[in-house]
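Colleague: Pasting the sequence and the predicted model now:
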Amino acid sequence: MPQAINNWQTDQNSGQGKQPKPQYRSAFRILSSYITPHRKTFSLVAICTVIAIASELFQPFLVKIAIDDNLMAGNNDFSSLLVICAIYLGLSLSGLLFTYLQNNLLQDAGQSIVAKIRKQLFQHITKLSMSYFDKTSSGSLITHVSSDTEAVNQFFNQVLLTLLRDGLTLVSILVMMFYLDATLGLYCLLLLPIIALIAIAFRSFMRTTYQMARTRLSRLVAFVAENLSGMSLIQVFHQQKAQAELYKERNEDYFKANVREIRTQVLFNRTFDLLGNLTIAFVVWTGGKAVLGTTIEFGVLYAFITYIRQFFQPINAITQQWNTLQSATVAVNRIWGVLDIEPEIQDSAKTVKVDYESVQGRVDFNKISFSYGNGSPIFRGLDLHIRPGEMVGIVGTTGAGKSSLMSLLCRFYDVQEGSVNIDGNDVRNIPQADLHRIVGLVQQEPYLYAGSIIDNVRMFDESISREDVIQACEFVGADQLVSRMADGYDTKLSERGSGLSAGERQLLSFARIIVFRPKILILDEATANLDSQTEQLIQRALQVVSKGRTTIVIAHRLSTIMQADRIIVLSHGTIVESGTHAELIELQGVYEELYRHSQGEAAASIEAPEAQTIP
Ligand SMILES: Nc1ncnc2c1ncn2[C@@H]1O[C@H](COP(=O)(O)OP(=O)(O)OP(=O)(O)O)[C@@H](O)[C@H]1O
């Protein structure tokens, strides 16, 4: 099982904050390959950081000079005090400027890296085979593209900056402390193990709470994503309340995890503050005695106290960023888990060059056997041959394998035995880009994008002219629909084409076919959702579209395929009958029975008999 799916399932199943262990080494190796092209920027960031830190840390030292060399020494030289003040101000401004530069440079590099990763991930996902999408929830993929890339973003925004800036600050403060007074510096250094112990204890607890909150957020996002895609189903089955209850549970889980995380954070921060204040009290006591005993100067004590205040802040920041580092590491590994997945369907090494214009459209299913994954076989040695330009109707009961057969022709999956050929070429040897130009598929639910009608018909391919799109729409009779719209062909369709009826969406998808001119056209239940009036319109469009190209029509509604050159009846993955409508009616077999049923249904819908009570 691919790592990413593994991880996601861990996310889904645990809910108790058990996430995969972060693999720092591989994450850093991956991220450093992205950092390398930006090494100039990162070097500049490092330089800015050093200058910003030096500017800040030198300020208390200046005050020490002012106190010891001017104020305490009774020196009335106001000009040197003024110089100190001016330098102090200059240092503040330089600290501000270089912190600003450091942040901006890091943001630029970080954001462009994250944008690159996001683009790479999306492109990779679109190349993955259908078998991958069978196993992976869309919610999980949305999490990878959104939350996981966001975690990487945080790595650059927060973690890297903290490690660099606060790590350097900490070391510099220690150096300054030892420079000012080695004994007091040593006392403070002794504090480090205590701080480390407290930090480690909190860290493991905070890691659990942090990851629990993240896992629960992922579950919440996945739940919303899946609900949105199935919204019509929820409404039809009046599932709003039940789903709202499920959402409430997940939302509460996330709320509790969040509260717990925040409480832990607050407790940790306050403990650190307390520790800081205790240290200051200790330094005031020991340092104060030393000042009174004149072993150290007052300015040194002042600078020391200021440095101690600054000492705890970077430790606190680094500890807090530890969680973000962990989640970024997990996210990076998870993203690369997806990027590492090889698409099952790939162009073979011995691809054949197919000249699109000379494709005849002959289709051969040569004794094919196929099953999904390790499931039971859908086809066992099925043989079907379709002539160029022939219109073939495929009928059969639900689950007979009609759509699966077409998926094999589109090469969404590969056969395990036998071959699927187009004009004698195995589809496995035809480059996928060529194959999908040759074979066009219209499904029951045509997908429309948020965009204008023009863009939806030409699928955002600017090389297809506006005139070609308009001509295609007129060809299939979609022009009447377009003329009713406020902005005509420039009318913006909302996501998935909502706002248009199923028939209207289908008409536009027929126009798409005209524009892209596939040599082999598959209609998979394309007329299933249409009323009889729209079906007539589509039927007319179909006649236009199918002219001169091999057309395979899957339909439960037999009226759609009665005119086909040949009708194939499929049952449990086997062809049980084949012939024209008239021949199959005469045969008095499965097709005739299906036809009788469909006639009965049609009559029933006209006569509207008394409703039967279903127990
Ligand atoms: N992605 C998949 N993964 C696993 N099994 C699948 C998948 N798609 C279809 N099947 C199974 O393959 C069999 C054939 O399904 P298929 O969709 O091809 O039938 P169909 O004849 O098109 O049915 P319908 O008329 O209901 O659309 C069914 O048993 C179905 O459960």
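Modeller: Okay, I see it. Residues are numbered from 1 along each chain as shown.
Colleague: didn't Asp455 look like it was pressed against Tyr449?
Modeller: Yes - counting by CB atoms under 8 Å, Tyr449 is a contact partner of Asp455 at 7.3 Å. (Glycine included, C-beta is placed from N, CA and C.)
Colleague: neighbour count winner among those two?
Modeller: Taking neighbours as other CB atoms under 10 Å, Asp455 and Tyr449 compare with Asp455 leading, 20 against 14.
Colleague: got the buried residues for the helix or strand where the more buried one lies?
Modeller: Per DSSP states H and E: Asp455 is located in helix 453-457. Buried residues in helix 453-457, counted by 16 or more other CB atoms under 10 Å: Ile453, Ile454, Asp455, Asn456, Val457.
Colleague: same deal with stretch 493-509?
Modeller: Leu493, Gly497, Leu500, Ala502, Gly503, Glu504, Arg505, Gln506, Leu507, Leu508, Ser509.
Colleague: which two in these are spaced the farthest apart?
Modeller: Leu493 and Gly503 (14.8 Å; CB to CB).
Colleague: since we're on the nearest residue in space to Asn429 that is not next to it in sequence, how many residues are nearby?
Modeller: Nearest residue to Asn429, sequence neighbours excluded (CB to CB, 6 or more residues apart in numbering): Val352, at 4.9 Å. Val352 sits with 13 neighbouring residues when counted by other CB under 10 Å.
Colleague: distance of Val352 from Lys519?
Modeller: Plainly put, Val352 is 15 Å away from Lys519 if you go by CB to CB, to the nearest Å.
Colleague: Strands along the stretch 451-600 of the chain, start to end?
Modeller: In the stretch 451-600 of the chain, the segments counted as strands under DSSP state E, counting those that start in this stretch are 451-452, 492-493, 520-524, 550-554, 566-571, 574-579.
Colleague: Run me through the strand neighbours of the first one, direction for each.
Modeller: The reference is to strand 451-452. strand 492-493 (antiparallel) (DSSP bridges).
Colleague: Next secondary structure after the helix ranked longest in the chain?
Modeller: Identified as the longest helix of the chain according to DSSP state H is helix 240-292. Per DSSP H and E, the first helix or strand lying C-terminal to helix 240-292 is helix 298-339.
Colleague: Report the next helix or strand after that next one in sequence order.
Modeller: Moving toward the C-terminus from helix 298-339, the next element (DSSP H and E) is strand 363-370.
Colleague: what helices or strands is that following strand leaning on?
Modeller: Packing partners of strand 363-370 (3 or more CB pairs under 8 Å, 6 or more residues apart in numbering; DSSP states H and E): strand 379-386, helix 402-409, strand 417-422.
Colleague: Give me the next element, helix or strand, following the last one.
Modeller: Which is strand 417-422. Later in the chain than strand 417-422, the nearest helix or strand by DSSP H and E is strand 425-426.
Colleague: show me where pLDDT drops low in this protein?
Modeller: 1-23, 75, 495-498, 528-531, 600-615 (pLDDT under 70).
Colleague: Could you tell me which residues of it lie near the ligand?
Modeller: Residues of the chain lying close to the ligand (CB under 6 Å from any ligand atom) are Asp134, Tyr372, Gly375, Ile378, Gly396, Thr398, Gly399, Ala400, Gly401, Lys402, Ser403, Ser404.
Colleague: Can I have the buried ones of the residues you listed as a ChimeraX selection?
Modeller: Here is the ChimeraX selection string for the buried members of the residues of the chain next to the ligand, based on 16+ other CB under 10 Å:
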select :378,396,400,401,402,403,404
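Colleague: Point me to the residue of the stretch 201-350 of the chain nearest the ligand.
Modeller: Glu344 (12.6 Å; CB to the nearest ligand atom).
Colleague: So that residue is in contact with Phe412, correct?
Modeller: No - with contact defined as CB under 8 Å, Glu344 does not count as touching Phe412 (9.9 Å).
Colleague: which one of those two has more residues nearby?
Modeller: The residue with more neighbours, out of Glu344 and Phe412 and counting by other CB under 10 Å, is Phe412; that gives 18 against 13.
Colleague: For the nearest residue to that one once chain neighbours are set aside, give me its contacts.
Modeller: Using CB to CB, 6+ apart and skipping residues adjacent in sequence, the residue nearest Phe412 is Met130, 4.1 Å away. Residues in contact with Met130 (CB atoms under 8 Å, 6 or more residues apart in numbering) are Ile345, Ser407, Phe412, Tyr413.
Colleague: which of these lies closest to Gln536?
Modeller: Closest to Gln536, out of all of the contacts of Met130 and judged by CB to CB, is Ser407, at 29.0 Å.
Colleague: so what sits against both of Glu344 and Phe412?
Modeller: Common contacts of Glu344 and Phe412 (CB under 8 Å, 6+ apart): Ser129.
Colleague: which phi and psi does Phe412 have?
Modeller: Backbone torsions of Phe412, given as degrees, to the nearest 10, read phi -70, psi -30.
Colleague: now do the same end-to-end measure for stretch 152-169.
Modeller: 24 Å (CA to CA, to the nearest Å).
Colleague: Can you list the neighbours in contact with it?
Modeller: Stretch 152-169 is touched from outside by 31, 45-46, 49-50, 52-53, 56-57, 102-103, 106-107, 109-111, 113-114, 117, 310, 313-315, 317-318, 320-321, 324-325, 327-328, 331-332, 335, with contacts defined as CB under 8 Å, 6+ apart.
Colleague: what about it, distance to the chain center?
Modeller: 25 Å (CA atoms, centre = their mean, to the nearest Å).
Colleague: residues near Thr208, how many?
Modeller: Neighbour tally, Thr208, other CB under 10 Å: 19.
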